[in-house]
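Asker: For reference, the sequence and a predicted model appear below.
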Amino acid sequence: MIALASPGWQFAGFFFHLAGALACTIAGFWLVRHPRVSIPHRGWTLGTLAATAAWCLAVAALGPENLLTVLSAAGRDIAWIFVLYRLFAADGRHQLMQPVRPVVAALILVILLQLAVAAAATFVGPGAAPDRGSPAFEISALLHILVAVGALVLAHNLYVGAAPALRPVLRWPAGALAAFWAYRLNLFTIAYLGGATDGLIAFQGLVAGLVGALLVFGGSAQVEGRRFSPSRTVAFRTLSLAVIGAYLLAMAIVAQSLSLLGDGLARLTQVGLLFAAAVLALHWLPSRKLRGWWRVTVIKHLFEHRYDYRAEWLRFTRTIGQKDGAGRETEDLSDRAIRAMAEVVESPSGLLFAPDEDGAFVLAGRWNWPDIEVPPQPIPAALATAIEASDRIVDIDQAADGADQYAVPEWIAKEPAAWAIVPLLHFERLQAVIVLSRPAFPRKLDWEDFDLLRIIGRQLASYLAERAKHEALLEARQFDEFSRRIAFVMHDVKNLASQLSLLARNAEYHGENPAFRADMLVTLRNSAEKLNALIARLGRYRAGDSMQLGRVALDDIARRIAAGLGDPGALVALGTSGIAVLANDEALEQALAHLVQNAIEASDPGTPVYLDFSTDGVRARIDVVDSGEGMAPEFVRDGLFKPFVSSKSAGFGIGAFEARELVRAMGGRIDVDSRPGIGTRFSISLPIFAAAELVRLANEGATGGAKGK
């Protein structure tokens, strides 16, 4: 009834209608060749496919405005209506729903009335379709709209009123019929309003062919369990394109509506709207926050679960096993563990804390979070014990509101970007803790986040535990090698002692020689001092050894260390003078000498190292500060205080380990704060001598009073 005006669209319509006829024919032959296919409307479906194929061929051969084409279109519509009615028989509703038959009869009557109008218009103007805007055209379009609306109502009731067990069978047929009549409704509504319909008319045949194929292949019981389930990526991108298309369509409608204004005002308004739309698009489309909001909204309303677990697990394993072209790890395992967990929940950054040798959790990894200040003891023991016992993820927002029983550290509670604290448990033992930052689009954690983060945390904990065992094995091998080297050293020491003994025996024969006697005494004195120093150092760390402690003035220690450097400007002493600590003079000097020498080697030539003394009245603090290259958190935790591990190519890796053991033997503690590219601060804490004496006297007085009683 509506003619194609454009030659290009006439050519396209010819091929599209041939394709529709071919699709209907293939679907019909398939249905005939598979008699066992269970379909509740086999006979009516074959007739409808034949009627649709005949209409497509008539349009391709004669055009859409020919009377024979109009007759075949009416037969096609009546056949589709009967198929729709027969679908109600799938669960017997054609017998129970009395309103269905009158609606079907009314729709067929309207189709026949529309055929009569078309025939009358054709006889008035033979061979030509009625002009747009004519009464015959408007009546015909309204009748087509009425048929499409009635068919859509039937399709809606067909699916909504079906029994739940039958809906999988009716899903595809009802959807296909609804799509066909919705297409027809859109076509004749646009035609009635005077819009361009060439494209819609050309695609009619292809749409009808696809609907026929869906009716056959989707309406059988064999596809009852088949569901169209697009991936999250496809759904997200498809809906994004749909939103963009709707946006462009809305802008086009607005621009066309402005044509009602005057020419100058309309053009000015159109330019202004296009400019505003471009500015908004450039501002919002690249926004990570907007993409996060859109992804959360799509996943929340279109999918049963938020996460695509297969895709997330594949990405997780790729991140953990990521290596460069040479087979080397691109990042430390701690950083990769943070990134693998953060990417799952779209967190932009995170921190990892692992226990040191004392069991305190310290910073072990930092991923994309360089600006957050982390204290030396970031995770309290109470929090670590609580989350280890409960295996719960701490929601920082709930903890801040008092809804969670965990006491979040103050430095995390004050950080607005902190989002969640995730424990990493391996065999119910806490291996590490990861702190995640908020996504670009903030949202609340739910049960699905908790479940996924918990299982990922356990997997990461197994990797970290495996690495720790591997490092322990390497360390044991290094100690074995060190023991063999010490055996050689002790053998040499024994030989030297034997030589000295021999020298002493020879003195019995040459003792009267003054020259021999003088030379022998010097040799004996020097050798004995070296041997005693070596033996004392080798035996210092034996179990059960105790170190003699006394009053040690820090100023004297600083002067001796500075004098031993040879460069008066290499070490600068600062802070409070006159501080005396309870320590061993030789051991403290040796420990500080190690730290100062390492700081000088790490600093640029001519840059001084600072030795700062301070006290709070109970304990003294000795800081060795340099402005060198600094150390990475993983090296401070895993390598700094381990023997045979050194950041220097020629270093043996004993100095820092020995310094820490000396300080520990004196009842002190050594902490490290290092930043790559900024410098390092070693802090030694020792008791003040006067305060220690007061405590000792008080304890002795209490002990004496108890004995007196």
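Answerer: Good, I have the coordinates.

Asker: what ranges of the stretch 351-500 of the chain fall below the confidence cut-off?
Answerer: For the stretch 351-500 of the chain, applying pLDDT under 70 flags the ranges 401-405, 481-482, 484-485, 487-500.

Asker: Break down it into its strands, ranges please.
Answerer: 361-367, 394-395, 418-426, 429-437 (DSSP state E, counting those that start in this stretch).

Asker: And the chain, by the same measure?
Answerer: Ranges of strands in the chain, per DSSP state E, are 350-355, 361-367, 394-395, 418-426, 429-437, 550-553, 571-575, 580-583, 609-615, 619-626, 669-675, 679-687.

Asker: Could I get the ones you listed in JSON lines, plus columns for mean neighbour count and distance to residue 468?
Answerer: For glycine as for every other residue, the C-beta is placed from the backbone atoms N, C-alpha and C. Shown next, in JSON lines, are those (neighbours: other CB atoms under 10 Å; distance: least, CB to CB, whole Å):
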{"stretch": "strand 350-355", "mean neighbour count": "24", "distance to residue 468": "9"}
{"stretch": "strand 361-367", "mean neighbour count": "22", "distance to residue 468": "11"}
{"stretch": "strand 394-395", "mean neighbour count": "24", "distance to residue 468": "24"}
{"stretch": "strand 418-426", "mean neighbour count": "24", "distance to residue 468": "10"}
{"stretch": "strand 429-437", "mean neighbour count": "23", "distance to residue 468": "8"}
{"stretch": "strand 550-553", "mean neighbour count": "15", "distance to residue 468": "37"}
{"stretch": "strand 571-575", "mean neighbour count": "16", "distance to residue 468": "37"}
{"stretch": "strand 580-583", "mean neighbour count": "24", "distance to residue 468": "33"}
{"stretch": "strand 609-615", "mean neighbour count": "19", "distance to residue 468": "33"}
{"stretch": "strand 619-626", "mean neighbour count": "22", "distance to residue 468": "29"}
{"stretch": "strand 669-675", "mean neighbour count": "17", "distance to residue 468": "20"}
{"stretch": "strand 679-687", "mean neighbour count": "21", "distance to residue 468": "25"}
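
Asker: Out of the strands of the stretch 351-500 of the chain, the one nearest residue 373 is which?
Answerer: strand 361-367 (10.8 Å; CB to CB).

Asker: Which strands and helices lie in contact with that closest one?
Answerer: Where contact means 3 or more CB pairs under 8 Å, 6 or more residues apart in numbering; DSSP states H and E, strand 361-367 is packed against helix 333-344, strand 350-355, strand 429-437, helix 633-638.

Asker: mind checking which of the strands of the chain is nearest residue 183?
Answerer: Closest approach to residue 183 among the strands of the chain is made by strand 418-426 (47.4 Å; CB to CB).

Asker: if we can go back for a sec, among the helices and strands packed on strand 361-367, which is nearest residue 698?
Answerer: Among these, if distance is taken as CB to CB, the winner is strand 350-355, at 35.0 Å.

Asker: domain assignment for the protein?
Answerer: According to automatic domain parsing, the chain comprises the domains 7-228, 245-302, 315-473, 475-538, 550-695.

Asker: returning to that earlier point: columns distance to residue 637 on top of the strands of the chain, output as CSV?
Answerer: Conversion of the strands of the chain to CSV gives the following (distance: least, CB to CB, whole Å):
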stretch, distance to residue 637
strand 350-355, 6
strand 361-367, 5
strand 394-395, 22
strand 418-426, 15
strand 429-437, 11
strand 550-553, 30
strand 571-575, 28
strand 580-583, 27
strand 609-615, 23
strand 619-626, 19
strand 669-675, 9
strand 679-687, 14
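
Asker: what would the strands of the stretch 351-500 of the chain look like in TSV with distance to residue 200?
Answerer: Shown next, in TSV, are these (distance: least, CB to CB, whole Å):
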stretch	distance to residue 200
strand 361-367	53
strand 394-395	53
strand 418-426	50
strand 429-437	51
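
Asker: Of the ones you listed, which is nearest residue 606?
Answerer: Residue 606 lies closest to strand 361-367 among those, at 31.2 Å (CB to CB).

Asker: Other residues contacting that closest one?
Answerer: Residues from elsewhere that reach strand 361-367 (CB atoms under 8 Å, 6 or more residues apart in numbering): 332, 334-335, 337-339, 342, 349-356, 374, 376-379, 384, 432-433, 633-634, 636-638.

Asker: now do stretch 505-514
Answerer: Residues lying outside stretch 505-514 but in contact with it, judged by CB under 8 Å, 6+ apart, are 516-517, 520.

Asker: What of stretch 595-606?
Answerer: Residues from elsewhere that reach stretch 595-606 (CB under 8 Å, 6+ apart): 561, 565, 569-571, 609, 611, 624-629, 648, 655-656, 659, 680, 682, 684.

Asker: Please work out the average pLDDT along that stretch.
Answerer: Averaging pLDDT along stretch 595-606 yields 86.

Asker: got the buried residues for it?
Answerer: Neighbour-count burial for stretch 595-606 flags 595-600, 602-603 (criterion: 16 or more other CB atoms under 10 Å).

Asker: Would you mind measuring from the closest residue to residue 685 other than its chain neighbours to residue 378?
Answerer: Nearest non-adjacent residue to residue 685, counting by CB to CB, 6 or more residues apart in numbering: residue 669, 4.7 Å away. The spacing between residue 669 and residue 378, counted by CB to CB, to the nearest Å, is 17 Å.

Asker: now swap in residue 334 and tell me
Answerer: For residue 334, the distance to residue 378 (CB to CB) stands at 14 Å.

Asker: Compare those two and say which is more crowded by neighbours.
Answerer: Legend: neighbour count by other CB atoms under 10 Å for residue 334 and residue 378, higher for residue 334 (27 against 19).

Asker: my read: the more buried one touches residue 634, true?
Answerer: Yes: counting by CB atoms under 8 Å, residue 334 touches residue 634, with 5.6 Å between them.

Asker: Quick one: closest of the strands of the stretch 351-500 of the chain to residue 618.
Answerer: Across the strands of the stretch 351-500 of the chain, residue 618 has its closest neighbour in strand 361-367 (24.1 Å, CB to CB).

Asker: and the angle from that closest one to strand 429-437?
Answerer: Relative orientation of strand 361-367 and strand 429-437, computed by axes from the mean of the first three to the mean of the last three CA atoms, to 10 degrees: 50 degrees.

Asker: still on that earlier bit, between the strands of the chain, which one is closest to residue 142.
Answerer: With CB to CB as the measure, strand 418-426 is the member of those nearest residue 142 (58.5 Å).

Asker: Now do the closest one: everything it contacts.
Answerer: Around strand 418-426, the neighbours that count as contacts under CB under 8 Å, 6+ apart are 337, 341, 347, 383, 387-388, 391-397, 406, 408, 412, 430-439, 445, 449, 453-454, 457-458, 460-462, 464-465.

Asker: could you check the angle strand 350-355 makes with that strand?
Answerer: An angle of 40 degrees separates the directions of strand 418-426 and strand 350-355 when computed by the same axes, to 10 degrees.

Asker: Run through the stretch 501-650 of the chain and note the low-pLDDT ranges.
Answerer: 502-503, 506, 519, 522-524, 526-546, 566, 643-650.

Asker: Where do the helices of it begin and end?
Answerer: Here the stretch 501-650 of the chain has its helices, by DSSP state H, counting those that start in this stretch, at 514-538, 554-565, 585-602, 633-638.

Asker: same thing with the stretch 51-200 of the chain?
Answerer: Counting by DSSP H, counting those that start in this stretch, the segments of the stretch 51-200 of the chain that form helices are 67-87, 93-96, 100-124, 135-160, 167-193, 198-202.
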